[in-house]
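Engineer: Quick one, fold the following:
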Amino acid sequence: MADLQATLDSIYSDILPRVGEGKVADYIPELAKVDPRQFGMAIVTVDGKVFRVGDADVAFSIQSISKVFMLTLALGKVGEGLWKRVGREPSGSAFNSIVQLEHESGIPRNPFINAGAIAVTDVVMAGHAPREAIGELLRFVRYLADDESITIDDKVARSETQTGYRNVALANFMRAYRNLDHPVDHVLGVYFHQCALSMSCEQLARAGLFLAARGSNPMTGHSVVSPKRARRINALMLTCGHYDGSGDFAYHVGLPGKSGVGGGIFAVAPGIASIAVWSPGLNKVGNSQLGAVALEMLAARTGWSVFGD
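Structural biologist: Now for the predicted structure:
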């Protein structure tokens, strides 16, 4: 652990000549403007030490990584009852596919593909106006990171609202199968805002630390979820966290993780640390190209893979 900064520095040196690889998510206009020549990485250990390199303090759009925090909130509200409305299996399809949803009668395959995350958002909205549900998520993430400066980027939320036609289709499809309780435009309003959460690598690693520490945040002393629930969220991240690239990520990296099309990846080394990496250029399945490479290097150099060193 003492050599962790040196390990991060060596990964950064190896990544630096490749910075700019991949393609930014240009189907969301605001994300298309992001300079791909950026890379940051932060590690927060369960004993409270923080290690960082590169652009680790630059805020970026966490996009689908927000689904981890919404899933945590939804499980807190309805517990195992959530699985009546969304599955727990890898999809093997694109994150915004409608084909599988039709085949499976409006029950999304897992909570991390778009349809599943929209269903989870609907659960979190119970008893709330849309604005209140957005506020609940923002308060929760600030609480987890112990950082009141975390915000939602309204420009990104607007950009997604104006272009998210496929998500509108997914939500209407689920509504037709009675798997959404709230009006589609209300649910999507919350969903687009949650995806527009703006955080740095360090903030993200701090916010997700409870998943590395059996459900409690060792830096604040707050208990967030039970050890059993933390374990199960990690299991879902390992099997479903990278869309149809999840098996490949497990094979190469071997850590529970969740990616987002903003170029971020959040990962967990259970009992050891939480990790966040950001590089905006994406690979063909929508995951950060260099983020995945950096995490593979980290797992190889530390022996942190859950499958052994």
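Engineer: switch to C-alpha atoms for all contacts and neighbour counts from now on
Structural biologist: Will do.
Engineer: How about residues contacting the helix or strand containing residue 203?
Structural biologist: According to DSSP states H and E, residue 203 maps onto helix 201-207. With C-alpha atoms under 8 Å, 6 or more residues apart in numbering as the test, helix 201-207 has contacts from 40-44, 50, 52, 56-59, 141-147, 264, 266, 274-278.
Engineer: Now do the buried residues in the longest helix belonging to the chain.
Structural biologist: Taking DSSP state H as the assignment, the helix of the chain that covers the most residues is helix 130-145. Across helix 130-145, burial judged by 16 or more other C-alpha atoms under 10 Å covers 130, 133, 134, 136, 137, 138, 139, 140, 141, 142, 144, 145.
Engineer: in the stretch 101-250 of the chain, which spans are helices?
Structural biologist: Ranges of helices in the stretch 101-250 of the chain, per DSSP state H, counting those that start in this stretch, are 114-124, 130-145, 154-163, 165-176, 184-195, 201-207, 227-240, 246-252.
Engineer: For those, give me JSON lines that also has mean pLDDT.
Structural biologist: Converted to JSON lines, these look like this (pLDDT from 0 to 100):
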{"stretch": "helix 114-124", "mean pLDDT": "97"}
{"stretch": "helix 130-145", "mean pLDDT": "98"}
{"stretch": "helix 154-163", "mean pLDDT": "95"}
{"stretch": "helix 165-176", "mean pLDDT": "95"}
{"stretch": "helix 184-195", "mean pLDDT": "98"}
{"stretch": "helix 201-207", "mean pLDDT": "98"}
{"stretch": "helix 227-240", "mean pLDDT": "98"}
{"stretch": "helix 246-252", "mean pLDDT": "95"}
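Engineer: Mind putting those into JSON lines with distance to residue 108?
Structural biologist: Output for those, formatted as JSON lines (distance: least, C-alpha to C-alpha, whole Å):
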{"stretch": "helix 114-124", "distance to residue 108": "5"}
{"stretch": "helix 130-145", "distance to residue 108": "21"}
{"stretch": "helix 154-163", "distance to residue 108": "21"}
{"stretch": "helix 165-176", "distance to residue 108": "9"}
{"stretch": "helix 184-195", "distance to residue 108": "16"}
{"stretch": "helix 201-207", "distance to residue 108": "26"}
{"stretch": "helix 227-240", "distance to residue 108": "12"}
{"stretch": "helix 246-252", "distance to residue 108": "16"}
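Engineer: quick one, what contacts the closest residue to residue 124 other than its chain neighbours?
Structural biologist: Using C-alpha to C-alpha, 6 or more residues apart in numbering and skipping the chain neighbours, the partner closest in space to residue 124 is residue 74 (5.2 Å). Residues counted as contacts of residue 74 (C-alpha under 8 Å, 6+ apart) are 82, 120, 121, 123, 124.
Engineer: Only whichever of those are buried, select them in ChimeraX.
Structural biologist: Command for ChimeraX that selects the buried part of the contacts of residue 74, burial taken from 16+ other C-alpha under 10 Å:
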select :82,120,121,123,124
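Engineer: contacts for stretch 20-37?
Structural biologist: Contacting residues not belonging to stretch 20-37 are listed as 19, 38, 155-156, 159-160, 163, 261-263, 279-283, 286, 288-290 [C-alpha under 8 Å, 6+ apart].
Engineer: Would you mind checking these for buried ones?
Structural biologist: Those of the contacts of stretch 20-37 that meet the buried threshold are 19, 38, 156, 159-160, 261-263, 279-283, 286, 288-290, by 16+ other C-alpha under 10 Å.
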